[in-house]
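>>> sequence and computational prediction follow.
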Amino acid sequence: MRDMIGFSNIVRRSRRVALAALLAMGVSACATHPPRQLEVAAPGTESLFPAGYEASRARFRRDCAVAAVKAGDVCGQWATPSATDPDLTVEYGIFSRGGDRLLVIQSGIHGTEAPAGAAVQARVMRDYLPKLLVSGIDVVFVHALNPWGFKYGRRNDEFNVNLNRNFSADGKTYEFPNPDYARLRGLFEPPGPVGSRFWGGAAVSAGFVGAFAANGFSDKALSNGLDNGQYQFPAGINYGGRGPQPQTAFLKQIVGPVLARPYRKTLYLDFHTGLGDSGVLAVILGKSPAPEPLRDLQAMLGSYRPRGIEITTPNDPGFFPTEGDVIDFLPSLSARPAAFLAVTMEYGTLGRGTKAQLESASRMILENQKYNHGCRRADTCETIERETREMFNPSDPVWRRAVIGEADLVFKTLLEKF
Ligand SMILES: [Zn+2]
């Protein structure tokens, strides 16, 4: 493309503008937020975080078998088609005891983000499920919607599809043009193996500083290009596919019949990690949430901002709208879309300032480059893998206890008010 910004150009140009860009970043980093006291669960609860896919799946199967005490309770597995691994399953538990409301709890649509969601699912299945069922709330669990990504440490599936850019009720998603991605592709997909982590990261960050300048210090084009999803470049970042991945069929065939029942109201929680302030749980709304359940959600969780839970829209700073998001697809499976709300439950790790965005973009670019082209040295690849893990599943026990503490607050509230 004629006006594509060349990578080396960006790096050169960045020297001239670095100071101004850093000043702009400084302003953003200094933006103040009201003080928060995160809900943190008791020491020891961090052990709910699984060591990996197989351990998490085995625990889900055990917990589900223990919880399934009534006829009609279902613990099932759905084998994910794979060219390389015959032992990948999405686990599910369906507990419908004639309640008039439905809660669905889903983890791991992004593989590397699965541990937090799986930890929350274990907490709920063990400590809240019997009480929810008694109070007339049916519950469905979907464990590791992207088992390959969970097992092998990628957000995407085996075919480099970001599943949370792949859901489309009418198929139009796959035609979504992303001109910002196409224009900045040289920046997002550096050719060849990754050099050293330090220099790779520095070059990518410098490129971003340059692209900031080229866009009049607006991060919009960068964020739109990188994050919204793109449907043109199969080896690229946040590739959404050319048609539905098998997970669409799974949701339609297994979860769909439950969503098609005429519940008085349904809340679908899709757990993620990454975006937002560290340890804060952002409840992110879809493109057009139904007004009545949205009011309901605000009445239940809207006052918890000082305790680390905030309801946010994709257009708030630090977040972004996406194409093909599962939460925008799910209402199409509901019997009563006006009484149905699906939200992203995003535990922050990165921070919301420009600096954090640059760092996370740089890590995402290096991870994709490593996946496609490898690294010149093995230890560079190991560093990138470790940093990717740490970005989406921080090892900090206090962060992990905040995940559980905030989940406790959500599910206690749902028990009383949903
Ligand atoms: Zn995610």
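Looks like it came in fine.
>>> please count neighbours and contacts with C-alpha atoms only from this point.
OK.
>>> in three-state terms, label the spatially most central residue of the chain for me.
For the chain, residue 272 is the residue whose C-alpha lies nearest the centre (CA atoms, centre = their mean; 3.5 Å). Three-state call for residue 272 (DSSP: H, G, I helix; E, B strand; the rest coil): strand.
>>> how about the contacts made by it?
107, 108, 109, 110, 113, 114, 116, 117, 344, 345, 346, 347 (CA atoms under 8 Å, 6 or more residues apart in numbering).
>>> quick one: average pLDDT of the host helix or strand of the last one?
So the one you mean is residue 347. Assigned by DSSP states H and E, residue 347 belongs to strand 340-348. The average pLDDT for strand 340-348 rounds to 98.
>>> can you pull the buried residues of the helix or strand following that strand?
Towards the C-terminus, the helix or strand next in line after strand 340-348, according to DSSP H and E, is helix 354-373. Within helix 354-373, the residues that count as buried by 16 or more other CA atoms under 10 Å are 354-372.
>>> can you give me the helices for the stretch 101-250 of the chain?
114-127, 129-134, 147-152, 179-188, 197-214, 220-227, 246-250 (DSSP state H, counting those that start in this stretch).
>>> list the buried ones in the fourth one?
Neighbour-count burial for helix 179-188 flags 180, 181, 182, 183, 184, 185, 186, 187, 188 (criterion: 16+ other CA under 10 Å).
>>> ramachandran angles for residue 267?
Residue 267 adopts backbone torsions of phi -120, psi 130, taken as degrees, to the nearest 10.
>>> so what's the residue count around it?
By other CA atoms under 10 Å, 21 other residues sit near residue 267.
>>> any chance you could map the strands in the stretch 1-150 of the chain?
74-79, 89-95, 101-107, 137-143 (DSSP state E, counting those that start in this stretch).
>>> what about this protein, any weak spots by pLDDT?
Low-confidence segments of the chain, defined by pLDDT under 70: 1-34, 196-209, 211-219.
>>> run the last query once more with 90
Scanning the chain for pLDDT under 90 picks out 1-36, 184, 186-187, 195-227, 275, 314-322, 350-363.
>>> could you chop it up by domain?
7-32+181-227+354-391, 45-170+240-349+394-417 (automatic domain parsing).
>>> quick one: which of these is nearest residue 38?
The closest of the domains of the chain to residue 38 is domain 45-170+240-349+394-417. By CA to CA, the value is 4.7 Å.
>>> that closest one: end-to-end distance?
25 Å (CA to CA, to the nearest Å).
>>> how far away from the center of its chain is it?
10 Å (CA atoms, centre = their mean, to the nearest Å).
>>> who's residue 348 bridged to?
As for beta bridges, residue 348 partners with residue 274 under DSSP bridges.
>>> please renumber so the chain begins at 40
Understood, numbering begins at 40; the last thing we discussed is residue 387.
>>> mind listing what it touches?
Residue 387 is in contact with 312, 313, 314, 315, 316, 317, 318, 319, 320, 321, counting by CA under 8 Å, 6+ apart.
>>> let's go with 6 Å and repeat that
By CA atoms under 6 Å, 6 or more residues apart in numbering, residue 387 lies in contact with 312, 313, 314, 315, 316, 317, 318, 319.
>>> one step back: among the strands of the stretch 40-189 of the chain, which is nearest residue 454?
In terms of CA to CA, the element of these nearest to residue 454 is strand 176-182, at 8.3 Å.
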